[in-house]
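In: Test case, fold it:
(chains A and B)
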Amino acid sequence: EAAVTQSPRNKVTVTGGNVTLSCRQTNSHNYMYWYRQDTGHGLRLIHYSYGAGNLQIGDVPDGYKATRTTQEDFFLLLELASPSQTSLYFCASSSDSQDTQYFGPGTRLLVL
Amino acid sequence: GDSVTQTEGQVALSEEDFLTIHCNYSASGYPALFWYVQYPGEGPQFLFRASRDKEKGSSRGFEATYNKEATSFHLQKASVQESDSAVYYCALNYGGSGNKLIFGTGTLLSVKP
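Out: Numbers count the residues shown, from 1 in each chain, chains lettered A, B, ... in the order given. I've put the predicted structure just below:
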């Protein structure tokens, strides 16, 4: 079973704050993804990457940056957090473009 | 654009009932179709997938058949258990590069003992 870990598991910040969410996968997967999950919307893709240094835009990228520093590590950055970014964030990885995605346990972010 | 529609937001059943969760999609060509399950406090888990018309995917007693004509991929299980209580997501793969998934809004299944 693929292992994807996320940190922190919970985060509270204020409007305008700077937040970094971390994701690590230990299965040598090429692809990594960041999603947000909101009631009534399901999961929506923010950014994804197919290797270290690569970044691709997802479906809801506004207000988010991301960086893939190594094959294992993928970070989501909120440089000026807003209350609309209060959500449950999931990281996922897959070995190839058509393979199953494996999800982490999620980070719950509250922006006051 | 491509989309996935799950009709039921919530389904409440008793143990040993028959389950159907409806999933319809809108996409060109033959997207791969998926079912994921999410238990409380966890991330979504892959359940199964199908990639061709009339292909059946199955796992843990759940199954769904790819129906190109009806653009559907309905989830079924003959006899649900309390442990099946979870949120179920239908999804489709789209895009030429990267395994990008579009998810439906999810269906909360509650099974009473």
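In: could you pull out the helices for chain A?
Out: For chain A, applying DSSP state H gives no helices.
In: which residues touch the residue of chain B found nearest chain A?
Out: The nearest approach of chain B to chain A comes at B:G43, 3.2 Å away (CB to the nearest CB). The way it works is simple: take the backbone N, C-alpha and C, and place the C-beta from them, glycine included. Going by CB atoms under 8 Å, 6 or more residues apart in numbering or on different chains, B:G43 touches A:V4, A:F90, A:A92, A:F103, A:G104, A:P105, A:G106.
In: Now it. Nearest residue, chain neighbours left out?
Out: Closest residue to B:G43 apart from its sequence neighbours, by CB to CB, 6 or more residues apart in numbering or on different chains: A:F103 at 3.2 Å.
In: That neighbour and B:S58, how far apart?
Out: 21 Å (CB to CB, to the nearest Å).
In: about what we covered before: in three-state terms, label the residue of chain B closest to chain A for me.
Out: Recorded secondary structure, B:G43: coil (DSSP: H, G, I helix; E, B strand; the rest coil).
In: Next, it: phi, psi?
Out: With angles defined as degrees, to the nearest 10, B:G43 sits at phi -80, psi 160.
In: got a pLDDT number for it?
Out: Each residue has a pLDDT score; the one for B:G43 is 95.
In: Tell me the bridge partners for the closest residue to chain B within chain A.
Out: For chain A, the residue closest to chain B is A:F103, as judged by CB to the nearest CB, at 3.2 Å. Going by DSSP bridges, A:F103 is paired in beta bridges with A:A92.
In: show me what contacts the most centrally placed residue in chain A?
Out: In chain A, the centroid-proximal residue (CA atoms, centre = their mean) is A:W34; its distance is 2.9 Å. Residues in contact with A:W34 (CB under 8 Å, 6+ apart) are A:21, A:23, A:45-48, A:58, A:64, A:66, A:74, A:76, A:89-91.
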